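Participant: Coordinates for the following, if possible.
(2 chains)
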Protein chains: 2
Amino acid sequence: MKDKVKGKIVFMNKPMERTYKLTLRAYFENAGLRYRGSIEAAQLGAVAFLLRSLTTRDNDLCHTGGTARRDDADPIPAGSISTKDADLLSALLKKESNVNLFLKFNCKFLTDITSYNVIGQITGTEKPDEIIVVAGHLDSWDVSVGAHDGAGCVHSIEVLRLIKEAGLKPKRTIRAIMFMNEEWGGSGGKEYAQSENRKGETHIAAIESDLGGFMPLGFTVKANETQVASIQKWQYLFEDLGMHWIKPGWGGTDIESLEEYGTVTIGLIPDTQKYFDIHHTKIDVLEQVNPRELEFGAIAMTILSYVLAQEGI
Amino acid sequence: MKDKVKGKIVFMNKPMERTYKLTLRAYFENAGLRYRGSIEAAQLGAVAFLLRSLTTRDNDLCHTGGTARRDDADPIPAGSISTKDADLLSALLKKESNVNLFLKFNCKFLTDITSYNVIGQITGTEKPDEIIVVAGHLDSWDVSVGAHDGAGCVHSIEVLRLIKEAGLKPKRTIRAIMFMNEEWGGSGGKEYAQSENRKGETHIAAIESDLGGFMPLGFTVKANETQVASIQKWQYLFEDLGMHWIKPGWGGTDIESLEEYGTVTIGLIPDTQKYFDIHHTKIDVLEQVNPRELEFGAIAMTILSYVLAQEGI
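Facilitator: Model prediction:
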């Protein structure tokens, strides 16, 4: 393998599986290629790494995303190309014995700067030190504003607004957190979980929205069986919204650091059929978000966070 | 009323109700205004009729749609304006005592021409004269190609293709019909039901898709209680598609003429949160249709039509 790769550009052209109902499953199957691909190519002596964009669509959009690096080795240039360009390159490689590819990247590593999580809350009337977190993340990749990527921020702000608007006074604190820096290492979530400021607070549950502002379908809960069952007993509250399941599963990237403190983490799962068409591309803009669908997600998170604030787990 | 209306332009500015979960319900509440409004305005002596577009969005799009006329009276000019224009006009009418509005319509009545329903089928192996219809309608309003409006045609063609591709041989005939002229009186559906050619055939069930190519949520069935229950027992077949209900309700415009011959009519109900943003506007174009969502609708119709062809009702 090393002989074949040394001095060359490695091109990974594995299409995202189209036949899965859950596009998220297809994404996770391929995301490792993006995350680890350039490191492994570099170890084999490659001079650069190119990835077929992670989407099920045939188009000209380039999808960016998190890529690992090793502190003890120089990274090689790594980037993604559109699915159409990947098909073209693949066809060319089959046809020609000697294909030359010219790559020009303009990106560079900058020094770290200080940034901040943005936090707002409705303080609990009876148990203010017991916290229910509702969360999204503020950052996206630089190719667009990250409208769907940031939909969780709108969902979380809306939770507080809707509860206030309805005149409700939750017993426990409901805290909306817009985490900084999910895309580049997740330091916002890690820092929050480890912060000295959090001492004396109990984080009962954290609900994250990080799969776009589409119609919500259900919740996945990362917790023990008893806790999952405890949350499942509220499933009837969501039937009218067209959400028909609450099941065991993952909570979310930004909130997973809270798990070691015993926090139940919960993911809001919307219909992701279109999410990976848009994810980390230049078309992740406000026009792609349907206000009605976005509102349904906010309503779902509001109901769940409110019952958690009233009843605990 | 007559004194206030005579010689004037009647402007109906009732917004579509935003707070209903089912946008279809909000649409039906207002569609009567569009359908009957100009006749009633004309009877009161109005010279023209203007309608606020039927959508929950604030934008500059004009939504067209079916409008009734009386054979015994001359119609008055009737049209719709965008929701933003309606808000503007409404604000102006509140501010100014005498608002003049200049209308120019270029449309006219043309003479009827002959057109055709388009029909294809897989003939049943055991009971070829017992028919399961899968249907959409070919026509839309002239402001665009009607991509979502015509999604039912794609769904219906796909039913035949998928059954063929899977190598299945249905016992009863599965017939895909693309009805002509739904928008302008529904003569395609009426003609089909009454046609001499249909003699000797039994139309067991007809499934129509006429709410766009969005993610399917369930089916509504127009039939007696026993028949509805008979179809509901197959609900488990659709759970994996994310469809969690089959319930009594309406079948569809094009297929309703079949009801008097004892046919059970069934509507494919997708998520319509965005349908009335697009419905009968210039943006009802192919780019608005997500291929994955469209495929799910086709799969749902394929499964239901195939079990109906195998099991009857």
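Participant: State whether A:L93 and A:L101 are indeed in contact, as I suppose.
Facilitator: No. Assessed by Cβ atoms under 8 Å, A:L93 is found out of contact with A:L101, at 9.6 Å. Placement of C-beta: from N, CA and C, glycine included.
Participant: Chain B contacts on the stretch 1-150 of chain A?
Facilitator: Counting by Cβ under 8 Å from any Cβ of the partner chain, the positions of the stretch 1-150 of chain A adjacent to chain B are A:18, A:21, A:23, A:56-57.
Participant: From these, which land in helices?
Facilitator: Residues of these located in helices (DSSP state H): A:T23.
Participant: Pull the most distant pair out of the residues of the stretch 1-150 of chain A next to chain B.
Facilitator: Greatest spatial distance in the residues of the stretch 1-150 of chain A next to chain B: A:K21 and A:R57, 16.6 Å, computed using Cβ to Cβ.
Participant: okay, these two: which has more neighbours?
Facilitator: A:R57 (21 against 15; other Cβ atoms under 10 Å in any protein chain shown).
Participant: ok, the more buried one to B:K274 distance?
Facilitator: 18 Å (Cβ to Cβ, to the nearest Å).
Participant: cool, A:K127 as well?
Facilitator: 41 Å.
Participant: Would you mind telling me which of the two has the busier surroundings?
Facilitator: Set side by side, A:K127 and B:K274 show more neighbours around B:K274, with 21 against 15, by other Cβ under 10 Å.
Participant: Can you list phi and psi of that one for me?
Facilitator: phi -100, psi -10 (degrees, to the nearest 10).
Participant: can you check A:W245 too?
Facilitator: Torsion angles, degrees, to the nearest 10, at A:W245: phi -150, psi 150.
Participant: Look up the closest residue to it, ignoring the ones flanking it.
Facilitator: Leaving out its chain neighbours, the residue that sits closest to A:W245 by Cβ to Cβ, 6 or more residues apart in numbering or on different chains is A:G218, at 4.1 Å.
Participant: Is it correct that that neighbour falls within a strand?
Facilitator: Yes. Judged by DSSP: H, G, I helix; E, B strand; the rest coil, A:G218 forms part of a strand.
Participant: so what's it up against?
Facilitator: Applying Cβ atoms under 8 Å, 6 or more residues apart in numbering or on different chains to A:G218 gives the contacts A:238, A:243-247, A:269.
Participant: one more time with 10 Å, if that's ok
Facilitator: A:235, A:238, A:241-247, A:249, A:267-270, A:300, B:242 (Cβ atoms under 10 Å, 6 or more residues apart in numbering or on different chains).
Participant: could you flag which of the residues you listed are buried?
Facilitator: A:238, A:241-244, A:246, A:267-270, A:300, B:242 (16 or more other Cβ atoms under 10 Å in any protein chain shown).
Participant: Show me the two of those that sit farthest apart.
Facilitator: Most distant of the buried ones among the contacts of A:G218, by Cβ to Cβ, are A:G242 and A:G267, 17.4 Å apart.
Participant: end-to-end on stretch A:41-59?
Facilitator: 26 Å (Cα to Cα, to the nearest Å).
Participant: for it, which positions count as buried?
Facilitator: For stretch A:41-59, by 16+ other Cβ under 10 Å, it's A:41-42, A:45-46, A:48-57.
Participant: among the residues you listed, which are in helices?
Facilitator: A:41-42.
Participant: now, which of the buried residues of stretch A:41-59 sits nearest A:R69?
Facilitator: A:A42 (9.3 Å).
Participant: how close does that closest one get to A:V5?
Facilitator: On the measure of Cβ to Cβ, A:A42 and A:V5 end up 10 Å apart.
Participant: overlap in contacts of A:L93 and A:L101?
Facilitator: Shared contacts of A:L93 and A:L101, defined by Cβ under 10 Å, 6+ apart, are found at A:F11.
Participant: ok, now which ones touch whichever residue of the stretch 51-200 of chain A sits closest to chain B?
Facilitator: Residue of the stretch 51-200 of chain A nearest chain B, by Cβ to the nearest Cβ: A:T56 (6.8 Å). Shown in contact with A:T56 (Cβ under 10 Å, 6+ apart): A:15-20, A:23, A:26-27, A:83, A:273-274, A:276-277, B:291-292.
Participant: A:S38 now?
Facilitator: A:10, A:12, A:46, A:48-51, A:67-70, A:75-79.
Participant: Which helix or which strand is home to it?
Facilitator: helix A:23-43 (DSSP states H and E).
Participant: again with A:A135
Facilitator: Under the criterion of DSSP H and E, A:A135 resides in strand A:127-137.
Participant: Could you see whether chain B lies near the next helix or strand after that strand?
Facilitator: Note on strand A:127-137: by DSSP H and E, the next helix or strand toward the C-terminus is helix A:151-165. No. Helix A:151-165 does not reach chain B (Cβ under 10 Å from any Cβ of the partner chain); its nearest approach is 13.1 Å.
Participant: what's the angle from the very next helix or strand once past helix A:151-165 to helix A:151-165?
Facilitator: Per DSSP H and E, helix A:151-165 leads on to strand A:172-179 as the next helix or strand towards the C-terminus. Inter-element angle recorded for strand A:172-179 and helix A:151-165: 150 degrees (by axes from the mean of the first three to the mean of the last three Cα atoms, to 10 degrees).
Participant: ok, now which ones touch A:A300?
Facilitator: A:155, A:159, A:207, A:209, A:215-219, A:237-238, A:241-243, A:268-270.
Participant: hang on, the earlier thing: and the helix holding A:S38, average pLDDT?
Facilitator: Here helix A:23-43 scores 95 as its mean pLDDT.
Participant: residue contacts, A:E29?
Facilitator: Contacts of A:E29 by Cβ under 10 Å, 6+ apart are A:14, A:16-17, A:20, A:54.
Participant: Fine by me, we can end here.
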